[in-house]
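Colleague: Sequence and predicted structure, then a few things I'm wondering about:
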Amino acid sequence: MYLNFFDIIILFGALQGLILSLVLFFSKPVEQTTGKNYFLALLLLILVYNGLETFSWSSAFTHYHYFFNLFSNVLIYGLGPCLYLYLRSFTRPESLTRELIAKHFAIVAFMFLIRLIILGIAVLNTSGTYVELWSADLDNLHTVVSDNLSVVIFWLYLSLSSREIWLYQKELDNVTPEEQEAFKWMRSLFICMLILGTAWAATTIYPVVVKATNNNYYYPIEVLQVLFIYWLGITGFYRIKVVHVETQSNSNAFFESIPADTLQECEKALVKAMEQDKLYLETDLSVNKLADHVRLSPKTISAVLNQHMQKGFNEFVNYYRIEEVKQRMAKPENQSLTIAGIAYDSGFNSLATFQRVFKTFESMTPKEYLALVTKGEPKKA
């Protein structure tokens, strides 16, 4: 075994990533501001595996090299889904069903199955059973195809992730300071993964262009990967744990200082603002505007909504907007109106946001719901 400077960097980066991923797995997040940490932990574990795989062949540490060869280019397909689902845990946490998660990780299961088939053919050939396929040829073909396909899949998930960032950014005027801080973290993470994805694509294209005969061109992206892990450990983890814990502690202290009767009065005022005053019809409604209307501080409203009523501001307001949409859809005089027109009249300022929120609340699209209403079969609560 021979260790050079790059090998040491990669090894220490992988070890730090392993420690950080374990901490994230066993930490208790507050998902509104930290997301579902197990997606981030799994993303780190994939990078750790990839780093150790590089270390095994780079350092000529061949004792465990075969372990990485058995299922190479399998876990790397989970990198994109981990990033996308982690960001989605901020933007649409209620939509992360087991079915959705399984669907996005199906590509990993499929690539694992392919490797099992190749391994099975190799075992049959070794045992003397004749199979009209050479496992070595299949392995080489799989390596070439999967190397390129993994980059394409990752960039597909980068585009999906950018959409989640865009959707969240459109609602920044209606979120709490803690959620704005979460958006900065999401954006920073996405930019880092975008840089990593660009370097990954360049690494895939480079040997084809220059016809490289060795694997040294992998070092830059591996070092970049290690730098990303270090950044995540220093900046990201600090933001997730230290900043959030301090903010949450202050928020809890403030909430506990509010008398019980004040909490009830505030809740009644918020409900009255929606049900009687119909503030939700204002497309630019924000926490500050609602605070001015009920004559309470934005901090008090946020505390009552988040910790007393167990709802975020957007969830609270959008509930009434969706109910308004459903009532308007049921009225015969509105049958000539478009779904978009009804949504805008009910307080939504974005058709994409309306579609997403409606499906979250009703488990069906607005068009599907309208079809049921037209048939006289409205969805039961």
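Modeller: Cool, the structure landed.
Colleague: Can you pull out the residues in contact with stretch 100-111?
Modeller: Asn73, Val74, Leu75, Tyr77, Gly78, Pro81, Tyr84, Leu85, Ser146, Ile153 (C-beta atoms under 8 Å, 6 or more residues apart in numbering). C-betas here are computed from N, CA, C, even on glycine.
Colleague: Which residue in the residues you listed has the weakest pLDDT?
Modeller: Lowest in pLDDT among the contacts of stretch 100-111 is Asn73, which has 80.
Colleague: Not counting its neighbours along the chain, what's nearest that residue?
Modeller: Ser146 (3.9 Å; C-beta to C-beta, 6 or more residues apart in numbering).
Colleague: domains of the protein?
Modeller: 5-253, 258-374 (automatic domain parsing).
Colleague: now the last one, how far from the centre of its chain.
Modeller: Chain-centre distance of domain 258-374: 25 Å, with C-alpha atoms, centre = their mean, to the nearest Å.
Colleague: Ok, stretch 91-99 next?
Modeller: 10 Å.
Colleague: mind listing what's buried in stretch 366-378?
Modeller: Buried residues in stretch 366-378, counted by 16 or more other C-beta atoms under 10 Å: Pro366, Tyr369, Leu370, Val373.
Colleague: Actually, stretch 299-306.
Modeller: Neighbour count says stretch 299-306 has Lys299, Thr300, Ile301, Ser302, Ala303, Val304, Leu305, Asn306 buried, by 16+ other C-beta under 10 Å.
Colleague: thinking the fourth one is in contact with Asn314, fair?
Modeller: Put plainly, it is Ser302. No: counting by C-beta atoms under 8 Å, Ser302 sits too far from Asn314 to count as a contact (11.8 Å).
Colleague: re earlier: check the contacts of stretch 100-111 and tell me the two furthest apart.
Modeller: Leu85 and Ser146 (21.5 Å; C-beta to C-beta).
Colleague: Please compare the two by neighbour count and tell me which comes out ahead.
Modeller: Leu85 (27 against 19; other C-beta atoms under 10 Å).
Colleague: Next one: that one from Val223, what distance?
Modeller: Per C-beta to C-beta, to the nearest Å, Leu85 is found 27 Å from Val223.
Colleague: Give me the neighbour count for Leu124.
Modeller: Leu124: 14 neighbours (other C-beta under 10 Å).
Colleague: list the contacts for Asn73?
Modeller: Met111, His142, Thr143, Ser146, Asp147, Ser150.
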